[in-house]
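Peer 1: only geometry, no sequence info:
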């Protein structure tokens with residue numbers, strides 16, 4: 001049983017194969033770069049049958065699985081005045097960082113004045129409230145006294161004055177009746193005496209006048225009694241009842257007025273009390289803020305600086321904090337790892353996102369601990385892409401993935417670089433070919449079967465799963481067949497109608513070489529998006545890519561005009577091929593307008609070991625505007641597996 005093929009699943013092959021598109025370069029094979037003799041010297045690859053390992057390999061960094069995060073708790077932004085050195089072992093309570101709290105100190109002075117003013121206003125409101133309470137008590141007591149007097153006056157009249165007045169009137173009438181009877185008797189005897197001559201006429205007249213006076217007084221007393229009974233008693237009773245009722249209403253009115261006045265003063269007192277409380281809270285908050293300007297270690301451990309985002313054209317890059325750095329509120333400043341193990345953090349391209357899930361086992365290699373392979377498992381995959389990757393390239397979507405390391409060692413430190421190999425799947429029995437042998441022609445995947453000499457046969461194939469170097473063939477090829485690693489120079493690869501139109505509308509020509517084979521094996525020159533009507537028909541074709549070590553080399557090519565093509569992880573659709581490389585991937589260095597002759601190119605494999613200089617790109621126009629590029633003419637690098 002042949003050895004499992006383990007390769008890093010880079011974004012280039014990911015995007016192309018995930019879309020069912022392999023070999024998206026325009027017709028450019030080795031014949032475009034070398035002479036016919038060189039083309040004939042390129043040997044084909046045998047279709048093999050055996051186990052195929054599907055792996056996702058990405059670079060990442062270590063972080064503590066359990067750590068204490070220390071953040072800036074000052075409001076707004078502040079500047080770091082002093083900072084403990086990174087990597088230092090600190091004890092609990094040691095000073096880690098001091099922030100600039102000048103603004104908070106100035107605000108505290110003003111706040112102290114505000115607190116004193118609020119306290120004076122509260123004391124004044126409290127005294128006014130007490131004064132009003134005393135005044136209300138006096139007013140209510142006076143009103144109640146008036147009511148009591150009114151009740152007493154009414155009872156006194158009904159139970160005393162009324163009876164006394166009626167009795168006096170009756171007694172007056174009785175006395176006048178007696179006076180009238182006495183005067184009448186006297187007049188009667190005086191008349192008899194006058195008739196006998198014992199009294200004079202004057203004396204008789206006087207007695208008659210006395211009787212009349214007595215009659216008048218009796219009538220007056222009777223009438224006064226009648227008036228007293230019929231009018232005066234009722235009037236006095238009604239008046240006393242009215243006075244009593246008014247006194248009662250006055251008491252109610254005084255009580256309501258007292259409550260109303262008290263509410264005003266009470267509201268003013270409570271308002272000033274609340275203001276004083278708020279001002280004191282503000283003062284306490286400023287004191288707390290000033291205290292938080294000095295950050296102390298909550299526990300013992302090693303100091304690890306947090307990273308911060310850098311703005312500008314290099315957005316997405318992270319830089320460690322330092323003295324003089326301006327930090328925002330709640331920004332992480334320092335972490336202190338604990339003895340909870342280590343995690344590996346990697347960013348996965350969206351093209352492989354469906355293949356990775358929590359629970360998959362991993363092998364982790366830490367650069368600082370060479371020769372050791374650590375074991376772990378995927379614990380989480382982000383639901384949304386990392387926004388930091390958008391700044392570096394708006395067309396790239398990377399998803400943060402966490403890998404738990406089971407057998408970490410003490411030499412591991414947060415921030416160390418590492419490589420994570422995720423074991424996606426192992427196909428026990430698969431027919432597979434090198435990725436360079438699959439091409440895109442008229443919207444289909446094809447391979448060229450080598451019949452010896454210059455005889456070849458294009459065969460449509462159905463592809464399955466893939467890794468960076470090999471592709472599973474489900475239909476179309478059999479074991480032992482030899483396939484070409486580049487299209488014959490006499491064969492013209494053409495993009496499908498939809499593919500060419502889509503690429504032409506966007507005016508995109510992308511290309512990228514996949515990683516160089518670790519052991520110097522054949523590597524891909526790149527994928528190129530098939531160019532449609534909007535593309536430059538005179539672009540040079542991609543040269544072969546050198547075998548990189550470490551596996552990060554990416555092919556380049558000569559752009560049609562001014563600009564600098566960068567090796568990248570790109571992907572697209574269109575006619576093209578995978579080409580083996582024995583030298584450096586060419587890098588465009590042309591200047592000015594598209595040349596009519598040859599386009600010079602120099603190699604620049606990203607991350608690969610320089611091994612020579614690639615050949616010149618050709619400027620032969622291709623029908624339909626096909627072109628292959630490792631980077632666009634503006635020098636921008638499209639990220640892994642992007643379809644424009």
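Peer 2: Received it, and whenever you're ready, just let me know what you need. Small disclaimer: the values here were computed from a predicted structure and weren't measured.

Peer 1: Pull out the buried residues from the helix or strand where residue 450 lies.
Peer 2: Assigned by DSSP states H and E, residue 450 belongs to strand 444-452. For strand 444-452, a neighbour-count test (16 or more other CB atoms under 10 Å) marks 445-450 as buried. No exception for glycine: its C-beta is placed from N, CA and C like everyone else's.

Peer 1: What's the mean pLDDT across that strand?
Peer 2: Strand 444-452 shows a mean pLDDT of 90.

Peer 1: same question, stretch 473-487
Peer 2: On average, stretch 473-487 scores 91.

Peer 1: which parts of it are buried?
Peer 2: For stretch 473-487, by 16+ other CB under 10 Å, it's 473, 476-477, 481-487.

Peer 1: cool, stretch 135-152 as well?
Peer 2: 136, 139, 143-144, 146-147, 150.

Peer 1: want to try TSV for the buried residues of strand 444-452, with distance to residue 433 as columns?
Peer 2: Shown next, in TSV, are these (distance: CB to CB, whole Å):
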residue	distance to residue 433
445	11
446	12
447	7
448	11
449	11
450	12
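
Peer 1: Quick check: residue 159 vs residue 477, distance?
Peer 2: 132 Å (CB to CB, to the nearest Å).

Peer 1: Then residue 453?
Peer 2: 20 Å.

Peer 1: So residue 159: helix, strand or coil?
Peer 2: Following DSSP: H, G, I helix; E, B strand; the rest coil, residue 159 is assigned to helix.

Peer 1: Now name the helix or strand holding the nearest residue to residue 282 once chain neighbours are set aside.
Peer 2: By the measure of CB to CB, 6 or more residues apart in numbering, the closest residue to residue 282 outside its immediate chain neighbours is residue 111, 5.4 Å from it. In this structure, residue 111 sits in helix 102-156 according to DSSP H and E.

Peer 1: With residue 80 instead?
Peer 2: strand 78-83.

Peer 1: Equivalent analysis for residue 358, please.
Peer 2: Residue-wise, residue 358 maps onto no helix or strand under DSSP H and E.

Peer 1: Quick one: residues contacting it.
Peer 2: By CB atoms under 8 Å, 6 or more residues apart in numbering, residue 358 lies in contact with 377-381.

Peer 1: now swap in residue 433 and tell me
Peer 2: 45, 47-48, 447, 470-471, 473, 477, 483.

Peer 1: what's the closest of those residues to residue 220?
Peer 2: residue 471 (144.4 Å; CB to CB).

Peer 1: Enumerate every residue touching residue 414.
Peer 2: Counting by CB under 8 Å, 6+ apart, residue 414 has contacts 62-64, 67, 304, 335, 337, 342.

Peer 1: Tabulate those residues (JSON lines), appending neighbour count, pLDDT and distance to residue 284.
Peer 2: JSON lines is the format used below for those (neighbours: other CB atoms under 10 Å; pLDDT from 0 to 100; distance: CB to CB, whole Å):
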{"residue": "62", "neighbour count": "24", "pLDDT": "91", "distance to residue 284": "41"}
{"residue": "63", "neighbour count": "18", "pLDDT": "88", "distance to residue 284": "37"}
{"residue": "64", "neighbour count": "22", "pLDDT": "87", "distance to residue 284": "35"}
{"residue": "67", "neighbour count": "18", "pLDDT": "86", "distance to residue 284": "31"}
{"residue": "304", "neighbour count": "20", "pLDDT": "87", "distance to residue 284": "33"}
{"residue": "335", "neighbour count": "20", "pLDDT": "88", "distance to residue 284": "29"}
{"residue": "337", "neighbour count": "21", "pLDDT": "86", "distance to residue 284": "34"}
{"residue": "342", "neighbour count": "25", "pLDDT": "88", "distance to residue 284": "41"}
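
Peer 1: So which of these sit within strands?
Peer 2: Counting by DSSP state E, the part of the contacts of residue 414 found in strands is 62-64, 67, 304, 335, 337, 342.

Peer 1: re earlier: which other residues reach the strand holding residue 80?
Peer 2: 72, 95-101, 293, 321-327, 333.

Peer 1: Could you rerun that using 6 Å?
Peer 2: 97-100, 323, 325-326 (CB atoms under 6 Å, 6 or more residues apart in numbering).

Peer 1: Please apply the same query to stretch 54-71.
Peer 2: 6, 8-9, 298-299, 330, 332-338, 340-346, 352, 356, 412, 414-422, 424-425, 465, 467.

Peer 1: Just the buried ones among those residues, please.
Peer 2: 6, 8-9, 333-337, 341-344, 346, 352, 356, 412, 414, 416, 418-422, 424, 465, 467.

Peer 1: So, low pLDDT: which residues of the stretch 301-450 of the chain?
Peer 2: 308-319, 339-340, 390-392 (pLDDT under 70).

Peer 1: In it, what residue spans correspond to strands?
Peer 2: Secondary structure of the stretch 301-450 of the chain (DSSP state E, counting those that start in this stretch): strands at 301-302, 304-305, 307-309, 318-320, 326-327, 332-337, 342-349, 361-366, 374-381, 398-405, 417-434, 439-441, 444-452.

Peer 1: quick one, which of these is nearest to residue 200?
Peer 2: Of the strands of the stretch 301-450 of the chain, nearest to residue 200 by CB to CB is strand 326-327, at 139.5 Å.

Peer 1: which helices and strands does that closest one pack with?
Peer 2: Counting contacts by 3 or more CB pairs under 6 Å, 6 or more residues apart in numbering; DSSP states H and E, strand 326-327 packs against no other helix or strand.

Peer 1: which neighbours does it have in its sheet, and in what orientation?
Peer 2: strand 78-83 (antiparallel) (DSSP bridges).

Peer 1: on that earlier part again, residues of the first helix or strand past the strand holding residue 450 going along the chain that come out buried?
Peer 2: Toward the C-terminus, strand 444-452 is succeeded by strand 455-460 as the next helix or strand (DSSP H and E). Residues 456, 458-459 are the ones in strand 455-460 that count as buried (16+ other CB under 10 Å).

Peer 1: What is the strand holding residue 450 packed up against?
Peer 2: strand 455-460, strand 482-483.

Peer 1: Serialize those strands to TSV and add fields for distance to residue 183.
Peer 2: Below are the helices and strands packed on strand 444-452 laid out as TSV (distance: least, CB to CB, whole Å):
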stretch	distance to residue 183
strand 455-460	162
strand 482-483	169
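
Peer 1: And the ones you listed: which comes nearest residue 176?
Peer 2: Closest among the helices and strands packed on strand 444-452, using CB to CB: strand 455-460, at 152.5 Å.

Peer 1: Show residues contacting the closest one.
Peer 2: 444, 446-450, 476, 488.

Peer 1: so residue 401 makes contact with residue 379?
Peer 2: No. Contact criterion CB atoms under 6 Å: residue 401 and residue 379 do not qualify, at 8.6 Å.

Peer 1: These two: which is more packed in?
Peer 2: The neighbour comparison of residue 401 against residue 379 (other CB atoms under 10 Å) goes to residue 401, with 26 against 14.

Peer 1: Could you pull up the contacting residues of that one?
Peer 2: Per CB under 6 Å, 6+ apart, neighbours of residue 401: 346, 348, 381.

Peer 1: Show me the beta-bridge partners of it.
Peer 2: Going by DSSP bridges, residue 401 forms beta bridges with residue 346, residue 381.

Peer 1: Which of the contacts of residue 401 sits closest to residue 241?
Peer 2: Nearest member of the contacts of residue 401 to residue 241, counting by CB to CB, is residue 381, at 92.7 Å.
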